[in-house]
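Enquirer: build me a structure from this.
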Amino acid sequence: MNKYLISDIEQASESSPLTSFSKVYRIHRKSSVRLWLWGMLILIVPIMLLPWTQNIRAKGTITTLRQEQRPQELNSIIAGRVIKWHVNEGDFVKVGDTILQLGEVKVDYFDPQLLERTQQQINAKQQSIEAYNNKANTTITQAQALTRGRALKLQSLDNKIAQQQLKVQTDEADLLALNNELNVYKRQIDGAKIMLDSGAISLSEFEKRKVNYQNGLAKVNSTNNKLLQNRQELTNLRIEQNSAVQEYTDKISKAEGDRFSSLSSAASTEAEVSKLQNQYSNYDARNKLYYITAPQSGQITKAKKAGIGEMVKEGEMMVEIVPDNIQYAVEMYVEPMDLPLISRGQKVRFIFDGFPVIVFSGWPKSSYGTFGGKVAAVESSVSYNGKFRVLVIEDPQDKQWPKQLKMGGGANGIALLKDVRIYYELWRNINGFPPEYYITEPAKEGIDKKEK
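Expert: Presented below is the predicted three-dimensional model:
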């Protein structure tokens, strides 16, 4: 029954004036699929032979290569309270512009004349140092005077000792003469006694010679006593000489002790002056810290404190400054498997967020809106995300990066590798092989130097 129905429809389509039969039923038309297949096959073959630039893709963020050009926290060095804000969040400031004024919160620094009073203490201590030095100089003069007095005293005693020695020598000579004379008197007595016994002389003559002997003995004793007295006087003079030396030595030592004591007091006062000067410098520096100024030109962001009179701790962040003069760089993270393919000086193409782009990853020269970069550093330690950090700077030989770039913006990096044919790239991806590795000129020069 279906067979008869189909034949009826064919007869009706041939005899019907309606065009719908010819448009719905395509039984009289020839298919062109075979031609299309051959055409596509002929077109694919030359496409497969076209060059293709292998690449590694990695996402990154915009940063800077220099640490001082990155966003900087501005902290309060001292504790205080907010007195006045001189800028608003989002304002642009220059180096040295005042951002915030703080007030004191510690009792030790409440005195408004703290610097003047500290300077007065320093001046008083310096006058004390001068007085101690003058006293030390006076004791030097006193010691010199005592030294001269000791010399005069010893010279006077030396003269007296010399005179006394002469007296002792004179008494010794007199005593020797009297002893000789006494011996003569004794021989005369002995002879007179013999003569008296023989009757040659009278008793009165004997008595007279005896009296002479007694007088001579008395002179000898007197002279001997005088000699002993002079010798004792000589000993006393020598004792007095030693006593004078000891006395003047004690006085000079005391004067020297007073001098050293004055010098010690002067040194101690100098230490106190240094301490006060240190405090003065600290107070002066602290007064300057009440005004927080901009360390570099940039934009004020992330103000942490808002109100007037709000307390601030030491080291607490007040605002953040984003520098306006920045040498941009891109930090991107590559897989450990791709790390051997990255080297310093390697070319990288970037797609920055917010900028229109037409990308042909295999034909970088045919892409539009991409910007060139050059690898500046490759970190040798893995990052927190299990990848390796790579810093890429602007390529001076390529077009300039946009001035509208901002810190923290996104960027897609395309590290350019070796040029191969498209059929090889397809075969490599199907088999899961890594891209071809080649060494850039800067890296190659470094390797050559190491080998040499």
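Enquirer: could you pull out the strands for the stretch 251-400 of the chain?
Expert: Under the criterion DSSP state E, counting those that start in this stretch, the stretch 251-400 of the chain contains strands at 291-293, 298-301, 311-312, 317-323, 328-334, 347-352, 371-382, 388-394.
Enquirer: okay, the ones you listed in CSV with mean pLDDT next?
Expert: Output for those, formatted as CSV (pLDDT from 0 to 100):
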stretch, mean pLDDT
strand 291-293, 90
strand 298-301, 88
strand 311-312, 86
strand 317-323, 88
strand 328-334, 89
strand 347-352, 85
strand 371-382, 87
strand 388-394, 90
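Enquirer: tell me which of those strands approaches Thr269 most closely.
Expert: Across those, Thr269 has its closest neighbour in strand 291-293 (34.9 Å, Cβ to Cβ). Where C-beta positions appear, they are placed from N, C-alpha and C, glycine not excepted.
Enquirer: who does that closest one touch, helix- and strand-wise?
Expert: strand 98-103 (3 or more Cβ pairs under 8 Å, 6 or more residues apart in numbering; DSSP states H and E).
Enquirer: which other residues reach stretch 319-326?
Expert: Stretch 319-326 is contacted from outside by 64, 68-74, 89, 92-93, 99-100, 294-304, 407, using Cβ atoms under 8 Å, 6 or more residues apart in numbering.
Enquirer: at 7 Å what do you get?
Expert: With Cβ atoms under 7 Å, 6 or more residues apart in numbering as the test, stretch 319-326 has contacts from 64, 69, 71-74, 92, 99, 294, 296-303, 407.
Enquirer: and stretch 200-210, by the same measure?
Expert: With contact meaning Cβ under 7 Å, 6+ apart, stretch 200-210 is reached by 188-189, 192-193, 195-196.
Enquirer: report the buried residues of it.
Expert: Neighbour-count burial for stretch 200-210, counted by 16 or more other Cβ atoms under 10 Å, picks out 201, 206, 209.
Enquirer: pLDDT-wise, which helix or strand of this protein ranks last?
Expert: Taking mean pLDDT, DSSP states H and E as the measure, the chain has helix 441-451 as its least confident helix or strand, at a mean of 48.
Enquirer: quick check: the gap between Ala415 and Leu178.
Expert: Computed as Cβ to Cβ, to the nearest Å, the Ala415 to Leu178 distance reads 133 Å.
Enquirer: with Gln296 instead?
Expert: Separation of Gln296 from Leu178 (Cβ to Cβ) stands at 113 Å.
Enquirer: which of those two has more neighbours?
Expert: Neighbour count, other Cβ atoms under 10 Å: between Gln296 and Leu178, Leu178 has more, with 19 against 15.
Enquirer: which residues of this protein score low on pLDDT?
Expert: Applying pLDDT under 70 to the chain flags residues 1-31, 52, 54, 199, 359-367, 418-419, 432-452.
Enquirer: now do the buried residues in the longest strand seen in it.
Expert: Longest strand of the chain, by residue count under DSSP state E: strand 51-64. For strand 51-64, a neighbour-count test (16+ other Cβ under 10 Å) marks 52-56, 58, 60, 62-64 as buried.
Enquirer: same deal with stretch 127-141?
Expert: 128-129, 132, 135-136, 139.
Enquirer: again, but for stretch 277-284
Expert: Using 16+ other Cβ under 10 Å as the test for burial, stretch 277-284 gives 277, 280, 283.
Enquirer: Lys275 versus the last one, what's the distance?
Expert: Which is Tyr283. On the measure of Cβ to Cβ, Tyr283 and Lys275 end up 13 Å apart.
Enquirer: now do the domain split for the protein, please.
Expert: Domain assignment for the chain by automatic domain parsing gives 51-65+327-451, 72-104+290-322, 114-282.
Enquirer: any chance of JSON lines for the ones you listed, columns distance to Val45?
Expert: Formatted as JSON lines, those follow (distance: least, Cβ to Cβ, whole Å):
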{"stretch": "domain 51-65+327-451", "distance to Val45": "9"}
{"stretch": "domain 72-104+290-322", "distance to Val45": "55"}
{"stretch": "domain 114-282", "distance to Val45": "83"}
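Enquirer: looking at those, spot the one closest to Trp38.
Expert: With Cβ to Cβ as the yardstick, what comes closest out of the domains of the chain is domain 51-65+327-451 (19.1 Å).
Enquirer: distance from that closest one to the middle of the chain?
Expert: Distance of domain 51-65+327-451 from its chain centroid, counting by Cα atoms, centre = their mean, to the nearest Å, is 40 Å.
Enquirer: same deal with stretch 70-88?
Expert: Per Cα atoms, centre = their mean, the displacement of stretch 70-88 from the mean C-alpha position of its chain is 25 Å.
Enquirer: before we move on, what about stretch 45-59?
Expert: Centre-to-centre, stretch 45-59 and its host chain are 54 Å apart (Cα atoms, centre = their mean).
Enquirer: can you get me a residue count around Ile47?
Expert: Ile47: 9 surrounding residues under other Cβ under 10 Å.
Enquirer: for the closest residue to Ala79 other than its chain neighbours, the count of nearby residues, please.
Expert: Distance criterion Cβ to Cβ, 6 or more residues apart in numbering; nearest residue to Ala79, sequence neighbours excluded, is Glu314 at 4.9 Å. Glu314 is flanked by 10 other residues according to other Cβ under 10 Å.
Enquirer: again with Gly307
Expert: Gly307 has 8 neighbouring residues, counting by other Cβ under 10 Å.
Enquirer: any idea how far it is from Arg81?
Expert: Gly307 sits 10 Å away from Arg81, taking Cβ to Cβ as the criterion.
Enquirer: and for Gln126?
Expert: To Arg81, Gln126 is 36 Å away according to Cβ to Cβ.
Enquirer: and if you look at Gln120?
Expert: On the measure of Cβ to Cβ, Gln120 and Arg81 end up 29 Å apart.
Enquirer: which residues does the spatially closest residue to Leu217 that is not a sequence neighbour contact?
Expert: In space, and not counting its chain neighbours, Leu217 is closest to Leu182: 5.8 Å by Cβ to Cβ, 6+ apart. Under the criterion of Cβ under 7 Å, 6+ apart, the contact list for Leu182 reads 216-217, 220.
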